[in-house]
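1. Fold the following and give me the result.
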Amino acid sequence: MQELVNIFVKSIFIENMIFAYFLGMCSYLAVSKTVKTSMGLGIAVIFVLGITVPIDFLINKYLLSEGALAWISPSWAELDLSFLSFIMFIAVIASMVQLVEMVVEKFSPALYNSLGIFLPLIAVNCAILGGSLFMQEREYETLAEATVFGLGSGVGWLLAIVAIAAIREKIRYSQIPAPLRGLGITFIITGLMGIAFMAFMGIEL
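-> From the prediction side, this is the model:
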């Protein structure tokens, strides 16, 4: 249980997808104009990461990695399909994003319209694919670890985009020099927040 808590906390603060790896910056910068739309996209990212990472874990463990097909036949034990990881991971991600898009359009048309093209673009969000690739690289041993990592990464991404959205709503009323208005000041604030999150790297879990 302690290990799962460690993975969850590390994926939110220490290994934050935005501030540690700068993954998913396109959606992060484009959708973070209001807290409402940022919250909606963040929840969608949590859902997609929380589903795709454990599914990709099972695919990698029981289908793709070397020796994974031994459960079918001993003669298949030497077969290594890891070169298909990218294709399989992206297929799972695209399927889950399509499901999320249909659900959001059905139950929250206003949010669907406000997110626009960036909702289906979750399928090519670097943070989503990065979650599955990090899971594969770190060789998590159990499904629970992979699931907690996926959920933690999603929560970290949600925290980052909601925080920058709240700041952007406030600075609308500030006297920012004209050349820095819009994305200019957003890049500066993102860099400062990234530096602030580096303080969590000193935490030993």
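
2. helices or strands up against the helix or strand hosting residue 193?
-> Using DSSP states H and E, residue 193 maps to helix 183-197. If contacts are counted by 3 or more C-beta pairs under 8 Å, 6 or more residues apart in numbering; DSSP states H and E, helix 183-197 sits against helix 25-31, helix 143-171. All C-beta atoms are positioned from the backbone trio N, CA, C, and that covers glycine.

3. Please identify the most buried of these.
-> helix 143-171 (a mean of 21; mean count of other C-beta atoms under 10 Å).

4. Could you list every helix and strand in contact with that one?
-> On a contact count with 3+ C-beta pairs under 8 Å, 6+ apart, helix 143-171 meets helix 2-9, helix 25-31, helix 35-59, helix 126-138, helix 183-197.

5. Now distance to residue 153 too, for those helices, in a markdown table please.
-> Shown next, in a markdown table, are those (distance: least, C-beta to C-beta, whole Å):
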| stretch | distance to residue 153 |
| --- | --- |
| helix 2-9 | 9 |
| helix 25-31 | 14 |
| helix 35-59 | 5 |
| helix 126-138 | 5 |
| helix 183-197 | 14 |
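
6. Tell me which of the ones you listed lies nearest to residue 65.
-> helix 126-138 (8.5 Å; C-beta to C-beta).

7. what does the closest one rub up against?
-> Under the criterion C-beta atoms under 8 Å, 6 or more residues apart in numbering, residues 15, 17-18, 21, 23-25, 45, 48-49, 52-53, 56-57, 60, 85, 89-90, 92-93, 97, 122, 146, 149-150, 153-154, 157 lie in contact with helix 126-138.

8. Mind listing what's buried along the helix or strand of the chain with the lowest mean pLDDT?
-> Across the helices and strands of the chain, mean confidence by mean pLDDT, DSSP states H and E is lowest for helix 109-115: a mean of 83. For helix 109-115, the neighbour count (16 or more other C-beta atoms under 10 Å) marks 111-112, 114-115 as buried.

9. and it, what other elements does it pack with?
-> Using 3+ C-beta pairs under 8 Å, 6+ apart as the test, helix 109-115 ends up in contact with helix 35-59, helix 85-107.

10. what does that helix contact?
-> Here helix 109-115 makes contact (C-beta under 8 Å, 6+ apart) with 31, 34, 36-37, 40-41, 44, 101, 104-105, 119.

11. Report back the residue of this structure that's furthest from centre.
-> residue 75 (37.4 Å; C-alpha atoms, centre = their mean).

12. any idea how far that residue is from residue 161?
-> 49 Å (C-beta to C-beta, to the nearest Å).

13. next one: residue 14
-> Taken as C-beta to C-beta, the span from residue 14 to residue 161 is 18 Å.

14. would you turn the helices and strands packed on helix 143-171 into CSV with distance to residue 68 and mean pLDDT?
-> Shown next, in CSV, are those (distance: least, C-beta to C-beta, whole Å; pLDDT from 0 to 100):
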stretch, distance to residue 68, mean pLDDT
helix 2-9, 23, 92
helix 25-31, 33, 88
helix 35-59, 9, 93
helix 126-138, 12, 93
helix 183-197, 36, 91
